[in-house]
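1. fold the following, please.
(chains A and B)
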Amino acid sequence: MADLKPRMPLESLLPMEASGVRVREVDLGALTLVMPYRERDAALSDALEAAQGLRWPEPGRMTGTTGRGILWFGRAQAMLIGMAPEGGLEDHAAVADQSDGWAVVEIEGDRAAEALARLTPVDLRPGVFEIRHTARTELGHMAASLTRTGKATYLVMVFRAFAHTLVHELGIALQGVAARGGR
Amino acid sequence: MRLDGDGLIDRTRRLAFTFDGRKHLGFEGDTLASALIGAGVKVVARSFKYHRPRGIFTAGSEEPNALVTLGRGPGQEPNARATTVELQEGLAAYGQNAWPSVEFDLMAVNDLLSPFLGAGFYYKTFMWPKAFWEKLYEPVIRQAAGLGALSREASTERWERAFAHCDVLVIGAGPAGLMAAWTAAEAGADVILAEEDTRLGGRLNAEVEEVDGQAGSAWAEAMQARLRTMENVRVMTRTAVVGAYDQGTFGALERLEPGRALKGCFWRIVAKRAVLAAGAIERPVAFSNNDRPGVIMAGALRAYINRWRVCPGNRVAVFANSDAGHQTVRDLLAAGVHVSALIDARADAACDLDVPFYAGGQVCDSGGRKALESVSFLHRDRIETVQADVLAMSGGWNPSVHLSCHMGARPVWDEGLAAFVPREGAVPGMRYAGAAMGMFSTRECLESGAAAGKAVVDDLGLNGAEVPVPKAEDGVYQIKPLWHVPGKGRAWLDFQNDVTVKDVTLAAQENFTSVEHMKRYTTQGMAPDQGKNSNVAALAVLADATGRGIAETGTTTFRPPYVPVPIAAMGAGAQGKGFSPERFTTSHDASIGRGAPMIEAGLWYRPSYFPKAGETHWRQSCDREVRMVRDHVGICDVSTLGKIDVQGPDAAAFLDFLYTNMMSALKVGRVRYGLMLREDGHVMDDGTCARLGERHFLVTTTTAAAGQVMRHMEFAHQVLRPDLDVRFASVTEQWAQFAVAGPMSRALLEDVLKQDLANGDWPFMACGDVRTKGVTARLFRISFSGELAYEIAVPARHGAALFDQLVAKAEAMEGGPYGMEALNVMRIEKGFITHAEIHGRTTAFDIGMQGMMSDRKDFIGKAMAARPGLMDEDRAQFVALKPVGTVKELIAGAHLFAPGAEVVSENDEGYITSVAFSPMLGHVIGLGFLERGRARIGEHVRMVEHLKGSATLCEVVAPGGFDPEGGRMRG
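-> Next comes the predicted model:
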């Protein structure tokens, strides 16, 4: 019997590009949702720093990178990206594997924010939503995690099962940008 | 007619268009209105009620008359104001509310009947007989009244919605708005400048005057170029701000220039501060027959002459109560148009222009039929008449206070201006500038704009160099209030809704003296223009009729939107797949590949059944799948059920608080069925709870209630039991989970897992980790089918592959995949509940699970569920039904009656919630609720269903008639 061949959530749906905005699927590797127990925040942050060299992020912020980082993920939650939950984190926090739960895309291009403004109410002005800023927000109809990872690069995460809708909504948004012609 | 000179149109670019099928030519830069005037078209519309011929009246979005329909077919747009429609090559516009045409309209018979059609006429006339209103009167009236019509075809046009954010939103880009935007931008603020016109400048584009030593329009153009180069400024032309909402949020409608793939965008703009510089709207004077084509607002006429170089006639009379008349005459003379009279309502006015001048005169009637031919006016107690095909009139200006009133504030009456001005602080963070606050000279506009811009950046703590205010025309606004010139004929106030002075005074006579009552009685101020032209004059007439002052009379409520917003814009994107998101399981493609029709469960798509060759009806597939599972083995994707991971030192205590039954007593490696109640004691959801470790549980919910349960848990933890140290996360999407059900399920899984699954280690309700192909999976021995069954979960990336392999194995054992229909049949055979039964109004007692409410602990809903009324034996209780008469049909939703009882609601004893044909039992089974049902097993009841007219005699039976001992499940 064959192996259980893994499938990425957005396999065969991406990449796409319009108006210089590129959308591609990103494999973030291991994703671990970490939720510190009561009054364990400091101990957890210390443990993370000892094990990974990264501090627990402030609300709305990311520490590290999307290759290896910690993404604030809501009230008293953060997502470990690209690393195993080592260093006795379970002593301080509830830990849940989410590596397969999310469809993740990177949206990149000078007009990426213009496309996203059609889907999310987050204020994406560069001086407001800076690099490593993150938000749990809505993206069209979907609950999403949105992070600015570069000057004109954004990381979007939605539930895996929404993959088709994510591509559909981003496609419509890009059509809207394109319909306005060059700026 | 078209005048010489360039104005702001491009004479090198001719555009052909049609109106009511007739071809005309215009120029780039024209609006449909200016092009129609240029082409000499006088009648462009028929009025709402009396079908009076109407001409173009204004040059902006306040236009009450020139409503036209653009295009035909799916993209047809009714009620477009010709004054805001950009001309484009091939544009096809049509008159509306007329038959056969606006030129010759048979419905104009209404005008002859006008003595009978005054305000309130419907209410007085169509009183009886009562039943006639809905069936006869209303359809006929609706047919006769109304404006444009939709095509009734699905629109092919695309709109979009978007968000924008800024520090300062400037609403309107006339001289005040331009200065406000520039001042704020120079201080470093992020500025959005929204202007509903296609170009910036406002009145500067319509008047002959200088700013900073150059033509006003040229200065505006230079400002536009300057602002466009600033990174922190976003200039949004063709964008009307339509509403002011909480927290600095504004709605705005942007229409893109013609020819784009998109029609436009509905914006939600969030601004820290706003400057309202929306200008002012010129108001008409009510006199007899003031609605005749050829009567036009003076400011609009200047715009047509100066900006578009068109004039609707060649003999113009001018009537005003301020210097607007003189300004208009000056522009007309400069354009070489003959002026037959300047009638100034101010008795003390003087005139230095070479035209017949009548100080203290008041226009009292117009002559002509479908076009103006003469104007009569009262001057020194004599009625004089002059020949004119155009009458330009001005009754003064009303500041556009609308947006300042959207959060409930009322504007303030300014006696000197004879106008309402916005109330200070009416919208938090909003300041006013220019004509919108009653500053009518260009110098005042520029200065107040700069001051407002400075004030908002000061508020924001930004410091910038002050910008120089350019030199401009100054003047004093001297006005003699004039609302209505008495006379015999009808004098229009609200042109769009055909409301006259007589209607308003009639309303007052009939004691509709509140301005809000007058509005509803007469319909004044309703419809697309929302009374932009008419509100103030109408309430002035009402004030007069009731002997009150204008300030005391007050205004009606100004509500959003400021200009009409197509539903297509507000609902942009919500068509087709954009209407609702889709959640697909990992087995979705495989199910589609097998031809399974999909059924929606919340946002999820699940296969109904998997048709095989030769099956022509879903029941054939469903019955086969049921037998397949009961005799062999079936595979079903159950990933859509909610999965919530619960961890922490107090996890068990928290779950005891959530569930009616004890979860803390559950052993590691075991699963328990559980029931959750709402705080009001009714059942919220059911599901299983698996103990994966001492401090680690996995809660499953129904597909539909997953989000609700998660929210309930957050509430319970954050609000009710913050003392408990517990954390939880949704892992629904992390795991793909498949039911493997049927007598062959153990053999199938033993083959897949290469592991013994005998009852010793894996009894009913066991759970634990297993491995397959190097992947760690979770196995649960639970059953929703009543068969020996398991559910196996793997990380979702392996879901598609595992489903394929499980199905392949099953097929080798005469099994296969099964869908929701078979799943439903099997659970009905077993008497298992779903949300059809726990629909929000049933209690644990009703579903026969009162025994699951532990008396050894507290749990959510315990006290409320114990209320006597919720434990009453007379309540409708969960039962099953089977037909016993000749009629075999049961229908979900049908009600139950004692045999022989009259079918009236007093005798209603219960209802059916779920129905299925059981291929195993060979008859239809109904589940439902019946009063005292548990004590009535074996009795007969009658099912009655009114929609299909069915009635079926049934026997009450205990739920779970198939394998009632559950031996197969535990096997």
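2. what sits against the nearest residue to B:Asp498 once chain neighbours are set aside?
-> Residue nearest to B:Asp498 in three dimensions, not counting chain neighbours: B:Lys49, with 3.8 Å by CB to CB, 6 or more residues apart in numbering or on different chains. Quick note: C-beta positions are derived from backbone N, CA and C, even for glycine. Shown in contact with B:Lys49 (CB atoms under 8 Å, 6 or more residues apart in numbering or on different chains): B:110, B:117, B:145, B:497-498.
3. nearest to chain A, of those?
-> Using CB to the nearest CB, B:Asn497 is the member of the contacts of B:Lys49 that lies nearest chain A, at 36.4 Å.
4. which intervals of the chain have sub-threshold pLDDT?
-> Reading this off chain A. A:1-2, A:182-183 (pLDDT under 70).
5. right idea, wrong chain: chain B
-> For chain B, residues meeting the criterion pLDDT under 70 lie at B:116, B:122-123, B:125-128, B:142-146.
6. how is it carved up into domains?
-> If you go by automatic domain parsing, the domain ranges for chain B are B:1-152, B:159-281+B:399-459, B:284-395, B:487-557, B:590-640+B:734-827, B:643-730, B:872-970.
7. quick one: end-to-end distance for the longest one.
-> With CA to CA, to the nearest Å as the measure, the ends of domain B:159-281+B:399-459 fall 36 Å from one another.
8. three-state assignment of B:Ile599?
-> Put simply, B:Ile599 is strand when judged by DSSP: H, G, I helix; E, B strand; the rest coil.
9. let me fix that, I meant to ask about B:Phe512.
-> B:Phe512 falls in the coil class when you classify it by three-state DSSP.
10. residues contacting it?
-> By CB under 8 Å, 6+ apart, the residues touching B:Phe512 are B:518, B:520-521.
11. out of those, which end up buried?
-> B:518, B:521 (16 or more other CB atoms under 10 Å in any protein chain shown).
12. could the domains of chain B be laid out in JSON lines, adding distance to A:Arg68?
-> Shown next, in JSON lines, are the domains of chain B (distance: least, CB to CB, whole Å):
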{"stretch": "domain B:1-152", "distance to A:Arg68": "52"}
{"stretch": "domain B:159-281+B:399-459", "distance to A:Arg68": "31"}
{"stretch": "domain B:284-395", "distance to A:Arg68": "61"}
{"stretch": "domain B:487-557", "distance to A:Arg68": "57"}
{"stretch": "domain B:590-640+B:734-827", "distance to A:Arg68": "20"}
{"stretch": "domain B:643-730", "distance to A:Arg68": "21"}
{"stretch": "domain B:872-970", "distance to A:Arg68": "47"}
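13. and of those, who's closest to A:Gly150?
-> Minimum separation from A:Gly150 across the domains of chain B (CB to CB) falls at domain B:159-281+B:399-459, 19.2 Å.
14. re earlier: out of the domains of chain B, flag the one nearest A:Glu25.
-> For the domains of chain B, the distance to A:Glu25 is smallest for domain B:590-640+B:734-827, at 12.5 Å, taking CB to CB.
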